[in-house]
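>>> Sequence unavailable; structure follows:
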């Protein structure tokens, strides 16, 4: 009886220790290295004509700077048309800033600062847009390249991605220049010509600036938004991209004798390929609570409180359950591991011919803690001694580095964003797509990816989709944000 009592009391003691540890960790839990920018004194937004700005966005949407998969299909005259339109529409900007047009049509604007000892800032927005899928034009409420102003919005391809940012930047800089603003810190505006088709323009611009000895305090580009219905908190959050995933496409090739389909061998090149693809995809990278994704969850959980905060604060106990919850949907899981997505297959050129070579392309978005070498090693281990060849379609883009969430650049961006959304939670964010800003890493202390548009999760589906449009309210917020940010950090 005494032994049972001892075991029982020992069990109670263990429970008490666990409960006490959970309580203390929950009570003291707070996100690390995520400052709020409250010590930044913001500059005022200069006066500007919102109605004229909206009209300008509509006009820019009519210029068809469409990046096709095959660059030979691009109408280069449209880029030249955009450049002429910018010069005519924003005269004060073009008087204040030095413009360089690279041979590929990428733009670099420079507004020299009065204090050469201060590191400059770089703001970015690309010129090109994706095509409208053939046959879907009739599904648009307004023609996709008409720049229609209706229903308190500007409608058209690129109004959100990314001419909204481009025109918002020009409107902000024009207003600052017109009122006599003189920056102490230099300002660069970089606008790539082909972000939607690989970003070679941003690479060229970064090389040009590096050769000139530029080392920026921060770079700001597209990449995230103010999300009104953020998961975990079901409310608004300012999600600032501090990193983006890498990009790589693996080619899997199965060579075979070929022949007539009426006399197939026990295993054809297609079946060999199919087994290899399944072996690779059925060996996914694990979900890991680390990096910007974890930092985002911590910030949101600290705000949410309750059971959510308890779970995140006590991953030593509830980590498995938390990871299961995060992996419940592809959109949330993507921030916590390297993703594997087979996208293209190619075999025989004719239905009754066995292919001599069957290939599959598998697209990877690489988490910040992995590298392309990890991807290749995992794929090779998955296929084992199967008779397939693995190779990269082109050299992979490695994941970006993770920028600071406590540096001066971060504080400037956060302060300018919070001025417009004071009740929103601020959280670091991992951008799962690719942006031009990755090219600026060698010449910038920090790189951030954020546009101050207010979206719901449902509304984000229109980006690259049908009925893309920028609300006038979001566009006003965007101009105000850029003006505050530039005047505060460069003033």
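Alright, I've got the coordinates. A quick note: this is a predicted structure, and the numbers were derived from the prediction, not measured.

>>> Surely residue 82 touches residue 61?
No: the pair residue 82 / residue 61 is not scored as a contact, 10.8 Å apart, by CB atoms under 8 Å. Just so you know, the C-beta spots here come from the backbone N, C-alpha and C atoms, and that holds for glycine as well.

>>> Between those two, tell me which one has more neighbours.
residue 61 (27 against 23; other CB atoms under 10 Å).

>>> Can you list phi and psi of the more buried one for me?
phi -70, psi -20 (degrees, to the nearest 10).

>>> Correct me if wrong: it contacts residue 156.
Yes: assessed by CB under 8 Å, residue 61 is found in contact with residue 156 at 3.5 Å.

>>> shared neighbours of the two, anything?
Applying CB atoms under 8 Å, 6 or more residues apart in numbering, one finds that residue 61 and residue 156 are jointly contacted by 145-147.

>>> As a markdown table, those with neighbour count would be great.
Converted to a markdown table, those look like this (neighbours: other CB atoms under 10 Å):
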| residue | neighbour count |
| --- | --- |
| 145 | 18 |
| 146 | 15 |
| 147 | 24 |
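
>>> Hmm, residue 131 is touching residue 68, no?
Yes: at 6.2 Å, residue 131 counts as touching residue 68 under the criterion of CB under 8 Å.

>>> How much space separates residue 38 from residue 164?
Distance, residue 38 to residue 164, using CB to CB, to the nearest Å: 28 Å.

>>> Any idea how many residues pack against residue 187?
Quick note: residue 187 (other CB under 10 Å) scores 23 neighbours.

>>> tell me the domain boundaries of the protein?
50-237+402-490, 243-392 (automatic domain parsing).

>>> Give the rounded mean pLDDT of the longest one.
The reference is to domain 50-237+402-490. Averaged across domain 50-237+402-490, pLDDT comes to 97.

>>> How far does that domain stretch from one end to the other?
23 Å (CA to CA, to the nearest Å).

>>> now that domain, how far from the centre of its chain.
Chain-centre distance of domain 50-237+402-490: 12 Å, with CA atoms, centre = their mean, to the nearest Å.

>>> Can you show me the helices along the stretch 1-150 of the chain?
For the stretch 1-150 of the chain, applying DSSP state H, counting those that start in this stretch gives helices covering 2-28, 50-61, 76-89, 91-96.

>>> packing partners for the last one?
Spelled out, that is helix 91-96. helix 163-178 (3 or more CB pairs under 8 Å, 6 or more residues apart in numbering; DSSP states H and E).

>>> Same check on the second one?
If you count contacts as 3+ CB pairs under 8 Å, 6+ apart, helix 50-61 packs onto helix 76-89, strand 148-150, strand 153-155, helix 163-178, helix 472-490.

>>> Report the angle between that helix and helix 472-490.
Interaxial angle, helix 50-61 versus helix 472-490 (axes from the mean of the first three to the mean of the last three CA atoms, to 10 degrees): 100 degrees.

>>> Would you indicate which residues of helix 50-61 are buried?
Residues of helix 50-61 classed as buried by neighbour count (16 or more other CB atoms under 10 Å): 53-54, 56-61.

>>> Let me have these in CSV, extended by distance to residue 231.
Shown next, in CSV, are those (distance: CB to CB, whole Å):
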residue, distance to residue 231
53, 33
54, 32
56, 35
57, 30
58, 34
59, 37
60, 33
61, 31
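
>>> Check which helices and strands the helix or strand containing residue 218 is in contact with.
Using DSSP states H and E, residue 218 sits in strand 216-221. For strand 216-221, the packing partners by 3+ CB pairs under 8 Å, 6+ apart come out as strand 121-124, helix 408-418, strand 444-449, helix 472-490.

>>> Other residues contacting that strand?
Residues outside strand 216-221 that contact it (CB under 8 Å, 6+ apart): 118-125, 185, 188, 403, 407-410, 412-413, 435-437, 440, 443-450, 485, 489.

>>> what ranges do the strands span in the stretch 301-450 of the chain?
339-346, 353-354, 357-366, 389-392, 425-431, 444-449 (DSSP state E, counting those that start in this stretch).

>>> Any buried residues in the strand holding residue 218, and which?
For strand 216-221, the neighbour count (16+ other CB under 10 Å) marks 216-221 as buried.

>>> what does stretch 77-87 give?
Applying 16+ other CB under 10 Å to stretch 77-87 flags 78-79, 82-83, 86 as buried.

>>> returning to that earlier point: name the residue in residue 38 and residue 164 with the higher neighbour count.
residue 164 (27 against 9).

>>> if I read this right, that one contacts residue 472, doesn't it?
No: counting by CB under 8 Å, residue 164 sits too far from residue 472 to count as a contact (11.1 Å).

>>> now the buried residues of stretch 77-87 as JSON lines including distance to residue 327?
Below are the buried residues of stretch 77-87 laid out as JSON lines (distance: CB to CB, whole Å):
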{"residue": "78", "distance to residue 327": "43"}
{"residue": "79", "distance to residue 327": "42"}
{"residue": "82", "distance to residue 327": "43"}
{"residue": "83", "distance to residue 327": "46"}
{"residue": "86", "distance to residue 327": "45"}
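
>>> in the stretch 101-250 of the chain, which spans are strands?
107-111, 121-124, 148-150, 153-155, 187-191, 216-221, 226-230, 235-244, 246-255.

>>> Which positions within the third one qualify as buried?
Going back to what we said before, that points to strand 148-150. Applying 16+ other CB under 10 Å to strand 148-150 flags 148-149 as buried.

>>> so what secondary structure elements neighbour it?
helix 50-61, strand 153-155.

>>> Ok, which of these comes nearest residue 476?
Comparison of these against residue 476 by CB to CB identifies helix 50-61 as nearest, at 5.7 Å.

>>> Other residues contacting stretch 82-95?
Contacts to stretch 82-95, defined as CB under 8 Å, 6+ apart, come from residues 56, 59-60, 63, 65, 99, 101, 105, 107, 109, 127, 170-171, 173-174, 177-178.

>>> Pull the number of nearby residues for the closest residue to residue 244 other than its chain neighbours.
Residue nearest to residue 244 in three dimensions, not counting chain neighbours: residue 431, with 4.0 Å by CB to CB, 6 or more residues apart in numbering. Residue 431 has 26 neighbours, counted by other CB under 10 Å.

>>> hang on, residue 431 packs against residue 449?
Yes: between residue 431 and residue 449 there is a contact at 5.1 Å, judged by CB under 8 Å.

>>> quick one on the thing from earlier: now the shared contacts of residue 61 and residue 156 as JSON lines including distance to residue 459?
Listed next are the shared contacts of residue 61 and residue 156 as JSON lines, based on distance: CB to CB, whole Å:
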{"residue": "145", "distance to residue 459": "21"}
{"residue": "146", "distance to residue 459": "21"}
{"residue": "147", "distance to residue 459": "19"}
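
>>> out of the residues you listed, who's nearest residue 347?
So of those, ranked by how close each gets to residue 347 (CB to CB), first place is residue 145, at 37.5 Å.

>>> my read: the closest one touches residue 59, true?
No: contact criterion CB under 8 Å: residue 145 and residue 59 do not qualify, at 11.3 Å.

>>> measure the residue nearest to residue 244 to residue 242 for me?
9 Å.

>>> intersection of neighbour lists for the two?
residue 449.

>>> Which among the contacts of stretch 82-95 count as buried?
56, 59-60, 63, 65, 105, 107, 109, 127, 170-171, 173-174, 177-178.

>>> Let me know the closest of the residues you listed to residue 467.
residue 60 (17.9 Å).
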